[in-house]
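Engineer: sequence below, structure please.
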Amino acid sequence: MSIPTTEIVIFPTSEAFRNDSSILRPVLDIVSKADGIQMPVYVGLQIEDPATGYLFLNWDSLAHHQAAMASTSYGPLREILDPALAGPGKTYHVIFNDKAIGLQQPVTEVLLVTLKDPSHRAEVFEIFNKLVEFTKKMIVFGPTLEDENVIVLVNGWASVEAHREAVTHPEPKAAIERLYTLVNKDHLFHVALTPRE
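Structural biologist: Numbers count the residues shown, from 1 in each chain. Below you'll find the predicted structure:
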């Protein structure tokens, strides 16, 4: 199977969602029937601030997601989602450089960066590729389909502490320091994801 288009939704969570993420069950029932969805959907709360939630959905393509949103079965989706939301979220679509196995780890790092200058793209990707090797291919990354200058990186860790310890090693530390001279760090947080069928 080819690498999917991953829809990433970052949203402010309601207290009801924080207490029981299964309130998304009716949403997942609708989504699971959509043509081109690749189950499971990954759902979770940000570790640093549980008032922020995440959804990761894999689609065969962006066109499949767009067709699903335009279908009549998706009509009530927003209304069904409302109890889980405390406000509007932000959605990104990414075709990662490889399968996002980091979503299956106890802790998933989510990094969004924006290139300070598009001419830095090749060097930023080179840095990310070095980090891929350092993490034994746990990292995946790619530009968003909405804006190619916004890049999403996802990485899996045993814990937040394991991530913090890893970046103190000389090789990744130097790479990350160089990275942050080339990009604006828009979002760097950790999430505990649960697969939902």
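Engineer: got the buried residues for the longest strand along the chain?
Structural biologist: Taking DSSP state E as the criterion, the chain has its longest strand at strand 183-196. By neighbour count, and taking 16 or more other Cβ atoms under 10 Å as the criterion, the buried residues in strand 183-196 are 183, 187, 189-193, 196. Just so you know, the C-beta spots here come from the backbone N, C-alpha and C atoms, and that holds for glycine as well.
Engineer: what strands line up against that strand, and which way round?
Structural biologist: Strands adjacent to strand 183-196 in the sheet, as given by DSSP bridges, are strand 37-46 (antiparallel), strand 107-115 (antiparallel).
Engineer: may I see those arranged in CSV, with distance to residue 165 and mean neighbour count as well?
Structural biologist: What follows is these, written out as CSV (distance: least, Cβ to Cβ, whole Å; neighbours: other Cβ atoms under 10 Å):
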stretch, distance to residue 165, mean neighbour count
strand 37-46, 20, 19
strand 107-115, 13, 20
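Engineer: tell me what the one helix or strand in the chain whose mean pLDDT sits lowest is packed against?
Structural biologist: When the helices and strands of the chain are scored by mean pLDDT, DSSP states H and E, helix 77-81 comes last with a mean of 86. Other elements packing on helix 77-81 under the criterion 3 or more Cβ pairs under 8 Å, 6 or more residues apart in numbering; DSSP states H and E are helix 25-32.
Engineer: what sits up against the longest strand of the chain?
Structural biologist: Under the criterion Cβ atoms under 8 Å, 6 or more residues apart in numbering, residues 10, 21, 24-25, 28, 40-49, 52, 54, 56, 103-104, 106-116, 120, 124, 150-151, 157, 160, 163 lie in contact with strand 183-196.
Engineer: pLDDT on it, on average?
Structural biologist: With pLDDT averaged residue by residue, strand 183-196 scores 97.
Engineer: what separates that strand from the chain centre, distance-wise?
Structural biologist: Remark: strand 183-196 is offset 6 Å from the chain centroid, using Cα atoms, centre = their mean, to the nearest Å.
Engineer: now do that strand against helix 25-32, angle only.
Structural biologist: In terms of direction (axes from the mean of the first three to the mean of the last three Cα atoms, to 10 degrees), strand 183-196 departs from helix 25-32 by 100 degrees.
Engineer: what are the C-alpha coordinates of strand 183-196, in CSV please?
Structural biologist: Taking Å, rounded to 0.1, in the frame of the first residue of the first chain, the C-alpha atoms of strand 183-196 are listed here in CSV:
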residue,chain,number,x,y,z
VAL,A,183,12.7,27.6,10.3
ASN,A,184,10.2,29.1,12.7
LYS,A,185,9.1,26.5,15.3
ASP,A,186,5.3,26.9,15.2
HIS,A,187,4.3,23.9,17.3
LEU,A,188,6.3,21.3,19.3
PHE,A,189,4.3,19.2,21.7
HIS,A,190,3.7,15.5,22.7
VAL,A,191,0.6,13.5,22.5
ALA,A,192,-0.5,10.2,23.8
LEU,A,193,-2.5,8.6,21.0
THR,A,194,-5.0,5.8,21.0
PRO,A,195,-6.0,3.9,17.8
ARG,A,196,-9.7,3.9,17.2
